[in-house]
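K.L.:
coordinates for the following, if possible.
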Amino acid sequence: MVLTDAAVLKGRDAVEVCRRAVAGGATLVQVRWKDGTAAEMLQLARALVGALPVPVLVNDRVDVALAAGAAGAHLGQDDPPLDALRPHVPPGFILGVSVGSPEEAERVRDWPADYWSIGPCFPTANKRDAGDALGPEGFAKLARLAPGGMPVIGIGGITAENAGSIVRAGAVGVAVIGAVVAATDPESAARALRAASP
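P.N.:
Alright, predicted model coming up:
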């Protein structure tokens, strides 16, 4: 999963960067724009939905995701609770949730999420409030707290060099910002991540 970030994009076209990332093997794209307005997020999400052959999710904003025709939304622990939102979204609408500690895992364990995003796996500069890095061992401990059959992905400081260790610790995939969005060649960067986390 590739996450957009206006600060990391540094003025480059998010749609073109994501198109190249998908060409390199990215299978999901998430619109993450912490300082963006709802209107800006909606415009970007609609553009990505129209341009990409993979599902597009919207970070934090179920309303924007629905308005954009996106495949789903990703929710943090401080967002409206996923279990309360699930009855109000269409069937098949993807809802993922962030998990960063055993306490958070316990809180969301019974929620009808489609996946858990566990992290930060490694130190990251892209989320100031991310908390301490879990490392592969910490990731594995949290992944074991997920309900049976729940897909878990790793996020936070993921690179082509360390992605394999998180997949070996139980992740079905990884989510990245800088490793692809900041890359000179997003297609090659995505391909390297796919090769590192088969």
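K.L.:
rest of the way, CA atoms for contacts and neighbours
P.N.:
Will do.
K.L.:
in the protein, what helix or strand scores lowest on average pLDDT?
P.N.:
Taking mean pLDDT, DSSP states H and E as the measure, the chain has helix 6-9 as its least confident helix or strand, at a mean of 92.
K.L.:
buried residues in it, which are they?
P.N.:
By 16 or more other Cα atoms under 10 Å, the buried positions in helix 6-9 come out as 6, 9.
K.L.:
residues contacting it, please?
P.N.:
By Cα atoms under 8 Å, 6 or more residues apart in numbering, the residues outside helix 6-9 that reach it are 33, 177-178, 181-182.
K.L.:
from those, which land in helices?
P.N.:
Residues of these located in helices (DSSP state H): 178, 181.
K.L.:
and the two most separated of the contacts of helix 6-9?
P.N.:
W33 and A182 (15.0 Å; Cα to Cα).
K.L.:
am I right that V64 is in contact with V58?
P.N.:
Yes. Look at V64 against V58 with Cα atoms under 8 Å: they come within range, at 7.1 Å.
K.L.:
which residues do those two both contact?
P.N.:
Joint contacts of V64 and V58 (Cα under 8 Å, 6+ apart) are A45.
K.L.:
between these two, who's got more neighbours?
P.N.:
With neighbours defined as other Cα atoms under 10 Å, V64 and V58 compare such that V58 has more, 29 against 23.
K.L.:
I'd like the next helix or strand past the strand or helix carrying the more buried one.
P.N.:
Using DSSP states H and E, the secondary-structure element containing V58 is strand 56-59. Next in sequence after strand 56-59, counting helices and strands by DSSP H and E, comes helix 62-68.
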